[in-house]
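Colleague: Dropping the sequence and predicted coords here.
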Amino acid sequence: MATILQIETATQVCSAALSKDGKTIAVKELMASNIHAGSLTLFIEEVMGMVGLQFSDLDAVAVSKGPGSYTGLRIGVSTAKGLCFALDKPLIGVDTLQMMAAGFMQSRPEYEGAICSMIDARRMEVFTAVYNAKLDSIVDTSAKIIDEHSFAEELNSGVLMFIGDGAAKCKDVIRHENASFSGANFNSASNMSALAYNAYSHSKFEDVAYFEPFYLKDFVLTTPKKK
């Protein structure tokens with residue numbers, strides 16, 4: 001038995017959810033720019049209130065660990081670590097791209113092809129990884145600049161479903177009979193329930209003191225051009 005608080009802030013979606021034994025029992029989320037800092041703790045309190053739980057009732061806290069937005073990941077991970085320190089609960093890190101693939105498979109359990117999760121990284125670059133229908137990794141996580149030759153090997157091998165906010169901008173570039181694109185959003189804390197429960201069941205916990213998000217690329221500070 002495990003009740004887990006789940007946090008997802010890797011993209012523009014700010015999301016908090018509760019799960020019990022791998023099943024989502026409450027979720028609160030909103031897609032909007034620059035809301036994570038002001039909304040995340042409110043969303044957490046709201047989902048706890050939805051099911052009448054106290055923070056002491058939690059068995060663990062899970063957080064989407066990246067890759068994704070530098071600022072969003074820092075807010076989510078800092079909040080999760082703070083809760084784990086205060087409550088003396090274990091911390092679970094969930095791969096963001098795998099979580100997205102899990103969400104797609106929950107919506108399409110009959111699907112038997114491969115899933116390419118994509119997070120927009122500006123211009124024609126994406127953070128991406130490819131999974132099979134069992135959520136095993138086929139292509140490791142990387143930052144990839146997309147062109148007409150991207151994922152040629154995987155596409156020639158079978159059906160490949162592209163998902164995530166990075167997939168839409170690739171639709172006009174990746175033209176292959178085996179390429180499909182989903183416009184649905186899978187960046188939700190509710191989609192990490194089974195993954196978080198599996199990690200909890202196998203005691204796969206992070207070191208709360210030293211855990212850092214998986215940024216994939218270094219943060220680059222840009223200065224606006226003077227007019």
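Modeller: Nice, thanks for sending it over.

Colleague: what bits of this structure have low per-residue confidence?
Modeller: In the predicted model, the chain carries pLDDT under 70 at residues 218-227.

Colleague: how much space is there between the spatially most central residue of the chain and residue 15?
Modeller: The residue lying closest to the centre of the chain (C-alpha atoms, centre = their mean) is residue 96, at 2.8 Å. Using C-beta to C-beta, to the nearest Å, residue 96 is found at 11 Å from residue 15. Placement of C-beta: from N, CA and C, glycine included.

Colleague: now the helices for this protein?
Modeller: 36-50, 70-87, 96-107, 152-157, 193-201 (DSSP state H).

Colleague: Residue 21 is nearest to which of those helices?
Modeller: Among the helices of the chain, the nearest to residue 21 by C-beta to C-beta is helix 193-201 (6.2 Å).

Colleague: Help me confirm that residue 1 comes into contact with residue 21.
Modeller: Yes: checked against C-beta atoms under 8 Å, the pair residue 1 and residue 21 is within contact range at 6.2 Å.

Colleague: who has more neighbours, the two?
Modeller: residue 21 (14 against 5; other C-beta atoms under 10 Å).

Colleague: check contacts around the more buried one.
Modeller: Residues counted as contacts of residue 21 (C-beta atoms under 8 Å, 6 or more residues apart in numbering) are 1-2, 197.

Colleague: Could you report the separation of residue 35 from residue 13?
Modeller: When residue 35 is compared with residue 13 (using C-beta to C-beta), they lie 10 Å apart.
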